[in-house]
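[1] make a model of this:
(one chain, ligands or ions: 2)
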Amino acid sequence: LVSKKWKVEDTVIDLGDGIQLGTGHFGIMAGPCSIESEEQIEKTITHLQQEGVRIMRGGVYKPRSSPYSFRGLGIDGLKMWYKRTREAGIKIITEVMMVEQIEAMADYVDVFQVGARNSQNFNLLDALGEVDKPVLLKRGISGTIDELLQAAEYIFSNGNERVMLCERGIRSYETAYRNTMDVNAIAMLKEKTHLPVIADPSHGIGLRRYVDKIALASIMAGADGVIMEVHEQPEKAFSDGQQTLSFPEAARLYRRMRQAYELR
Ligand code: PEP
Ligand code: MN
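    Ligands and ions are numbered 1, 2, ... in the order given. Okay, here's the model as predicted:
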């Protein structure tokens, strides 16, 4: 069902308030790795408003490699975040880790994110197929392109056709950077599926100083949007600071990405 053989016309996802994602509608989602505090939310919103970015990312449930790392503010953090973004006219994308979280989160979320570690959590995918919210599905850390498409098929076939795919880098033998951004996959996915394809250059390389280059390369490969980590003080971020851009760095990249998309 997610194949272009089944549906020729590309899927464009409408988030309301004039925000669309998909072919012809480039979108930027930016925000911290983790939602940390009310102050951080306000500073980020001000930055996004200044730059015309209308979707804010952030985790309130964090799948951390170590259980001793910061694991997120949970549902109370989400409610606080929601209150602020509603006033500002900004949409929320955030990760859901378990089926049990969906119901409580649904009222406060504009896009559910499925993380790389849950990319083949088929119970979660089935459950998100019954939800009336768009889903951004990340590729598994060692997932193939075909496995990503099959995972999307779970959500789609269960009734939710508002699915976006996200290339966020895969595990390779290379240790010089965190993940290997598979730009090849972006080009191929755009050919194989009618679903929007989003690039995550932050996790894709994992090192701040290359995020701009990888983001631009992803757009040239065909990405319909970019999700990226930004923070007022990246070095103080509770998680993923090493791959997070400061507001001025991010602002410069938004402009370059929009130009690149126009030129494509
Ligand atoms: C994130 O977006 O912060 C995240 C945890 O991403 P991933 O699932 O791709 O590791
Ligand atoms: Mn992160």
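[2] can you dump the C-alpha coordinates of stretch 49-56 into CSV?
    Extracted in CSV, the C-alpha atoms of stretch 49-56 (Å, rounded to 0.1, in the frame of the first residue of the first chain):
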residue,chain,number,x,y,z
GLN,A,49,8.9,31.9,15.4
GLN,A,50,11.7,34.2,14.4
GLU,A,51,12.7,31.8,11.7
GLY,A,52,9.3,30.7,10.5
VAL,A,53,9.7,27.1,11.6
ARG,A,54,6.3,25.8,12.5
ILE,A,55,6.9,22.3,13.9
MET,A,56,8.8,21.7,17.1
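[3] now do it, average pLDDT.
    Confidence over stretch 49-56 (mean pLDDT, whole number) is 98.
[4] buried sites along it?
    When burial is assessed from 16 or more other C-beta atoms under 10 Å, stretch 49-56 yields the following buried residues: Glu51, Val53, Arg54, Ile55, Met56. For the C-beta atoms, the positions are set from N, CA and C on the backbone; glycine is no exception.
[5] again with stretch 218-229
    Taking 16+ other C-beta under 10 Å as the neighbour-count basis, stretch 218-229 is seen to contain the buried residues Ser218, Ile219, Ala221, Gly222, Ala223, Asp224, Gly225, Val226, Ile227, Met228, Glu229.
[6] now those residues in JSON lines, with secondary structure and pLDDT?
    Shown next, in JSON lines, are the buried residues of stretch 218-229 (DSSP: H, G, I helix; E, B strand; the rest coil; pLDDT from 0 to 100):
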{"residue": "Ser218", "secondary structure": "helix", "pLDDT": "98"}
{"residue": "Ile219", "secondary structure": "helix", "pLDDT": "98"}
{"residue": "Ala221", "secondary structure": "helix", "pLDDT": "98"}
{"residue": "Gly222", "secondary structure": "coil", "pLDDT": "98"}
{"residue": "Ala223", "secondary structure": "coil", "pLDDT": "98"}
{"residue": "Asp224", "secondary structure": "coil", "pLDDT": "98"}
{"residue": "Gly225", "secondary structure": "strand", "pLDDT": "98"}
{"residue": "Val226", "secondary structure": "strand", "pLDDT": "99"}
{"residue": "Ile227", "secondary structure": "strand", "pLDDT": "99"}
{"residue": "Met228", "secondary structure": "strand", "pLDDT": "99"}
{"residue": "Glu229", "secondary structure": "strand", "pLDDT": "98"}
